[in-house]
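1. coords please:
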Amino acid sequence: MLRSIPLGLAVAALAATGAPARSTPTYSWGKPGSTRALFEGGSRACMLKAAGRDVAGDDEARKYIRGFEVLERENNMPAIDPNETAFDKSERQVRLRRMYRPDQHVDALQSQLQAEVDGCLIRTGYTRFALTREQERALKRLRPGSEARKAYLYTLGSDARIVEAQKVVD
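-> Below you'll find the predicted structure:
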C-alpha cells in the first residue's frame, strides 16, 4: 500500500528534478573601440555626476528622512505607559516601520540614481550587455575594484563582437 506523501515534499521533489533556475543575469556596459582610459573615464564621469547630485529635495529622500525621524524619536522616547512591555514597544515600532517604509524609499532613491547613471552611459555611447555564464564565473573570481577585474571588464566591453552579440534590448 502506498503511503501518502505530504504535498510540500512532493512539490519540492518535482522542483528538484527540473533544470536549476538561472539567477538574474549579470550586466555590464561596453563601448567598442574605446581606449581603456576613455572607457573608464566616461563611466566614472557618469557615476560621479549622479553621486554628486543633491537628493535632499527628492520626494523619496524626504519620505525616508520623515520616516527615519519618526522611528528615531520612537526609539529614544521613554515609555509613556508604565505598564508597557517590550513586546508593546516592538509592535509599535513594526507598525511605524510598515507605515513609513524607510528601506523602500532608500531602494527607490538608489534605483532613481542608477537610472540616471544608465541614462548618462547611453547618451555617451555605452551599450548594456549581459554576461554569459562563463564570463560571469570568470568575473566572480576577480576581486571587486582590482586591476584584474577592471582589465577583464574593459576587454569584454571594448570587443564589438561581444557587445553586439550580448547587448540588452529594452
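
2. quick one: which helix or strand includes Asn75?
-> If you go by DSSP states H and E, Asn75 is part of helix 59-76.

3. ok, which stretches of the chain are strands?
-> 27-30, 127-130 (DSSP state E).

4. out of those, which gets nearest to Pro82?
-> strand 27-30 (55.5 Å; Cβ to Cβ). Every residue, glycine included, has its C-beta placed from N, CA and C.

5. which helix runs longest in the chain?
-> The helix spanning the most residues in the chain, taking DSSP state H as the definition, is helix 102-123.

6. pLDDT of that one, averaged?
-> Per-residue pLDDT over helix 102-123 has a mean of 90.

7. can you pull the buried residues of that helix?
-> Buried residues in helix 102-123, defined by neighbour count with 16 or more other Cβ atoms under 10 Å: Pro102, His105, Val106, Ala108, Leu109, Gln112, Leu113, Glu116, Val117, Asp118, Cys120, Leu121.

8. same thing with stretch 144-151?
-> For stretch 144-151, the neighbour count (16+ other Cβ under 10 Å) marks Arg149 as buried.

9. report the distance from it to the chain centre.
-> How far stretch 144-151 lies from its chain's middle: 20 Å, per Cα atoms, centre = their mean, to the nearest Å.

10. and if you look at stretch 114-121?
-> Distance, centroid of stretch 114-121 to centroid of chain: 14 Å (Cα atoms, centre = their mean).

11. and stretch 30-42, by the same measure?
-> For stretch 30-42, the distance to the chain centre is 24 Å (Cα atoms, centre = their mean).

12. just stretch 47-66 next, same as before
-> 17 Å.

13. on that earlier part again, packing partners for the helix holding Asn75?
-> helix 86-100, helix 102-123 (3 or more Cβ pairs under 8 Å, 6 or more residues apart in numbering; DSSP states H and E).

14. what angle do the last one and helix 59-76 make?
-> If I follow you right, that is helix 102-123. In terms of direction (axes from the mean of the first three to the mean of the last three Cα atoms, to 10 degrees), helix 102-123 departs from helix 59-76 by 150 degrees.

15. what's the angle between helix 102-123 and helix 86-100?
-> Here helix 102-123 runs at an angle of 30 degrees relative to helix 86-100 (the same axes, to 10 degrees).

16. could you dump helix 102-123 to CSV, C-alpha only?
-> The C-alpha coordinates for helix 102-123 follow below in CSV (Å, rounded to 0.1, in the frame of the first residue of the first chain):
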residue,chain,number,x,y,z
PRO,A,102,12.3,53.7,5.1
ASP,A,103,14.0,50.8,3.4
GLN,A,104,11.7,51.0,0.4
HIS,A,105,12.4,54.8,0.0
VAL,A,106,16.2,54.1,0.1
ASP,A,107,15.7,51.4,-2.6
ALA,A,108,13.6,53.8,-4.7
LEU,A,109,16.2,56.5,-4.4
GLN,A,110,19.0,54.1,-5.3
SER,A,111,17.0,52.9,-8.4
GLN,A,112,16.5,56.6,-9.4
LEU,A,113,20.2,57.3,-9.2
GLN,A,114,21.1,54.1,-11.1
ALA,A,115,18.7,55.1,-13.8
GLU,A,116,20.5,58.5,-14.1
VAL,A,117,23.8,56.7,-14.4
ASP,A,118,22.4,54.3,-17.0
GLY,A,119,20.9,57.2,-19.0
CYS,A,120,24.2,59.1,-19.0
LEU,A,121,26.1,56.0,-20.2
ILE,A,122,23.6,55.5,-23.0
ARG,A,123,23.8,59.2,-24.0
